[in-house]
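>>> Here is a sequence with its predicted model. Questions after.
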Amino acid sequence: MASTSRRSSYSRRAQYGTFTGYVVAGIGALIGAVLLGLSLWQPGSFSGPRNVASDLIVQPVGEASATARTSGQSLFDAISGYLEAGGQNAHLKKEVELARIRLAEAEAVSQENARLKELLSLTEASDRSVTVTRMIGSTSSSSRRFAYIGAGSSDGVQPGMPVRSARGVVGRVLEVSPGTARILLLTDSQSILPVRLADEDVVAFAEGRGDGLLQIRLINLGVNPLEEGDMLVTSGSGGYYEPGIAVAIVTEVTDDGAVARIVSDPAATNFVTVESIWLPETIESAEQPADAPLEP
Amino acid sequence: MDRLAPSARSDAYGSRINRAHSPTLAYCIPLLTVVCGSILSIVPIASAVPLMPPLGFITLLAWRMVRPGLFPIWAGFPLGMIDDLFSGQPFGSAIMLWSLALISVEVLEARFPWRGFIQDWLSAVVIITLYLLLGALLSGASLDWQAVVALVPQLLIAILLFPVIARQVARLDRVRLMRFWKIG
């Protein structure tokens, strides 16, 4: 049984000390409430100290842990690979033969593709990537879903830029410090992304639900055209994301849309690409008030 | 004259002759463990749902239960401010909630002076549950029932982790009060 040495003391000094402790703690809680109200009202208001903290601590800690995580994963891969080596070897040989044939076919197709593009005088889309970096951490104990990446304003990263992995969209840059950036993940409940079906012209909004899944809300209500297993890609409206990047796969159809699972799970993501904003002019014009006079 | 048993001149923290606690160690270890707990929550990327328990907060609670009076009652303000820099919650939420938690532990202790570990654990369960719920409510996220359901695994992990952390804190407490050679 533990009990504190809590005795009612006759010493005025001790009594005042206890009382002052309560008062100071109460004032601390009040200050906290005011700061909380302020930062809920204007989410960017305390980004300064947060950026300093993420540059000083999140970056080294996150880089080290990301490296350890990757090498740990590859260690397990190596061990399991060793155990399965014999069977896998024979299997791979067969696959390589098949792949050689397919490669030759693909070369032919790409040649033909280039020729046809020349006919249409299309140019290759320019590379939009600003930088390639590692995902170094995420706020895994809060209900908000933010992640940190190991590149910041010194690498040309700016707020609003889309972040994608090799599989698909990861999120959007929210705050930038010189060496790191905080990104809003797709699964955050404040994240809304315009999407469309990969093979049809059905547009919708993908909203984070806060539990790792996305809620798909169709823009045109009517017969729900979504089916389980449908692939959703970015539609490009809004101007932030380039159209045609994979976002999510429908797992459950509901009355007004669907529930979808993200393609690029941040838990399985290691390297990400930060891309420049697709159409900056669209965003600038969207920020202008509707009743502002047009400049000549 | 009978010789004293060698253990008679020592306590749990080592021999008492010509040795003393180190004040630096005694005050730095609790502070550092709480701050490390706050920073640790960004390290693992398991980020589709909030899964990581609030380690800094649990460590603070454990120190408060193991060593009442070590942290002053207003310690929630500075430590919460550090946690806010890393947790992803809006700035101020940990300052307020940690301060309130420390005040409520103090009130609980005044109400129930004699407690065992089970009672400590129960009060920690209540405080952690309220902390996670209020934290989700004040995080600026739009809460619906799926997001609340997503909190359950995190809450269970946090509740089950509390005894483990409390035991580690008790072990660290022995390191904290280790006796060193006193010169002079």
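Noted; the coordinates are in hand.
>>> how about the strands in chain A?
Applying DSSP state E to chain A gives strands spanning A:129-138, A:146-149, A:162-164, A:169-176, A:181-185, A:192-197, A:203-208, A:213-218, A:231-234, A:246-254, A:257-262, A:271-275.
>>> and the last one, what does it pack onto?
Translated: strand A:271-275. With contacts taken as 3 or more Cβ pairs under 8 Å, 6 or more residues apart in numbering or on different chains; DSSP states H and E, strand A:271-275 sits against strand A:129-138, strand A:162-164. Where C-beta positions appear, they are placed from N, C-alpha and C, glycine not excepted.
>>> residues in contact with that strand?
Outside strand A:271-275, the residues that touch it by Cβ atoms under 8 Å, 6 or more residues apart in numbering or on different chains are A:128-135, A:149, A:151, A:155, A:157, A:161-166, A:170, A:173, A:181, A:242.
>>> mind listing what the residue in the stretch 101-250 of chain A that chain B sits nearest to touches?
In the stretch 101-250 of chain A, no residue comes nearer to chain B than A:Thr139, which is 2.7 Å away by Cβ to the nearest Cβ. A:Thr139 is in contact with A:Arg145, A:Phe146, A:Ala147, B:Ser41, B:Ile42, B:Ser47, B:Phe86, B:Ser87, B:Gly88, B:Gln89, counting by Cβ under 8 Å, 6+ apart.
>>> and B:Ala150, how many residues sit next to it?
A total of 21 residues lie near B:Ala150 under the criterion other Cβ atoms under 10 Å in any protein chain shown.
>>> and the residue lying closest to it once chain neighbours are set aside, backbone torsions?
Taking Cβ to Cβ, 6 or more residues apart in numbering or on different chains, and ignoring the residues beside it in sequence, B:Ala150 has A:Asp211 as its nearest neighbour in space, at 3.5 Å. Dihedral angles of A:Asp211 (phi, psi; degrees, to the nearest 10) stand at phi -120, psi 20.
>>> What sits closest to B:Trp181 if chain neighbours are left out?
Setting aside the residues directly before and after it, B:Trp181 is nearest to B:Arg19 in space (Cβ to Cβ, 6+ apart), at 6.0 Å.
>>> Counting neighbours, what do you get for that neighbour?
Neighbours of B:Arg19 using other Cβ under 10 Å come to 14.
>>> Chain B contacts on the stretch 101-250 of chain A?
Taking Cβ under 8 Å from any Cβ of the partner chain as the criterion, the neighbours of chain B within the stretch 101-250 of chain A are A:135, A:137-148, A:185, A:187-190, A:209-213.
>>> Show the buried residues in those.
Neighbour counting by 16 or more other Cβ atoms under 10 Å in any protein chain shown classes A:135, A:137-148, A:185, A:187-190, A:209-213 among those as buried.
>>> avg pLDDT for stretch A:12-22?
The average pLDDT for stretch A:12-22 rounds to 83.
>>> what about that stretch, near chain B?
Yes. With Cβ under 8 Å from any Cβ as the threshold, stretch A:12-22 lies in contact with chain B, specifically through A:Gly21, A:Tyr22.
>>> buried set for that stretch?
Across stretch A:12-22, burial judged by 16+ other Cβ under 10 Å covers A:Gly21.
>>> Over to stretch B:168-182?
Within stretch B:168-182, the residues that qualify as buried by neighbour count (16+ other Cβ under 10 Å) are B:Val169, B:Leu172, B:Asp173, B:Arg176, B:Leu177, B:Arg179.
>>> hmm, back to that, quick one: which of the contacts of A:Thr139 sit in strands?
In strands, defined here by DSSP E, the members of those are A:Phe146, A:Ala147.
>>> What separation do you get for A:Gln271 and A:Ile57?
No, residue A:271 isn't Gln; it's Phe. With distances taken as Cβ to Cβ, to the nearest Å, A:Phe271 is found 22 Å from A:Ile57.
>>> Neighbour count: the two, which is higher?
A:Ile57 (18 against 14).
>>> can you pull out the helices in the stretch 1-150 of chain A?
Ranges of helices in the stretch 1-150 of chain A, per DSSP state H, counting those that start in this stretch, are A:12-41, A:47-53, A:59-83, A:85-120.
>>> Compare these and say which comes out lowest on pLDDT.
Per-stretch mean pLDDT for those is lowest at helix A:59-83 (a mean of 75).
>>> Could you name the helices and strands sitting against that one?
The helices and strands touching helix A:59-83, judged by 3+ Cβ pairs under 8 Å, 6+ apart, are strand A:129-138.
>>> Would you write a ChimeraX line that selects the buried entries of the contacts of strand A:271-275?
If you want just the buried ones from these in ChimeraX, going by 16+ other Cβ under 10 Å, the selection is:
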select /A:130,131,133,134,135,149,151,155,157,161,162,163,164,165,170,173,181,242
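>>> Let me know how buried A:Gly236 is, in neighbour terms.
When counting by other Cβ under 10 Å, one arrives at 18 neighbours for A:Gly236.
>>> meant to ask about B:Ser15
Close neighbours of B:Ser15, defined as other Cβ under 10 Å, add up to 13.
>>> What residues are bridge-paired with it?
As for beta bridges, B:Ser15 partners with B:Ser10 under DSSP bridges.
>>> Would you agree it is in contact with B:Arg9?
Yes. With contacts counted by Cβ atoms under 8 Å, B:Ser15 reaches B:Arg9, the gap being 5.8 Å.
>>> Just give me the neighbour total for residue 50.
Picking chain A for this. Using other Cβ under 10 Å as the criterion, A:Arg50 is surrounded by 20 other residues.
>>> Let me rephrase: I mean chain B.
Going by other Cβ under 10 Å, the residues that sit close to B:Pro50 add up to 32.
>>> Give the helix, strand or coil label for it.
Taken by DSSP: H, G, I helix; E, B strand; the rest coil, the conformation at B:Pro50 corresponds to coil.
>>> any idea how far A:Glu252 is from it?
Note on B:Pro50: its distance to A:Glu252, by Cβ to Cβ, is 22 Å.
>>> now swap in B:Leu102 and tell me
Plainly put, B:Leu102 is 43 Å away from A:Glu252 if you go by Cβ to Cβ.
>>> These two: who's more crowded?
The neighbour comparison of B:Leu102 against A:Glu252 (other Cβ under 10 Å) goes to B:Leu102, with 27 against 12.
>>> Which of the helices or strands spans the more buried one?
Per DSSP states H and E, B:Leu102 falls inside helix B:93-111.
>>> quick one: buried residues of that helix?
B:93-103, B:105-106, B:108-109.
>>> show me which of the residues you listed neighbour chain A.
Of the entries in those, those that also sit close to chain A under the rule Cβ under 8 Å from any Cβ are B:Ser93, B:Ala94, B:Ile95, B:Met96, B:Leu97, B:Trp98, B:Ser99, B:Leu100, B:Leu102, B:Ile103, B:Glu106, B:Glu109.
>>> Could you save the residues you listed as a markdown table and add columns showing distance to B:Leu79 and pLDDT?
Converted to a markdown table, these look like this (distance: Cβ to Cβ, whole Å; pLDDT from 0 to 100):
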| residue | distance to B:Leu79 | pLDDT |
| --- | --- | --- |
| B:Ser93 | 13 | 91 |
| B:Ala94 | 8 | 92 |
| B:Ile95 | 9 | 93 |
| B:Met96 | 12 | 94 |
| B:Leu97 | 11 | 95 |
| B:Trp98 | 6 | 95 |
| B:Ser99 | 10 | 94 |
| B:Leu100 | 13 | 94 |
| B:Leu102 | 9 | 94 |
| B:Ile103 | 14 | 93 |
| B:Glu106 | 16 | 90 |
| B:Glu109 | 19 | 87 |
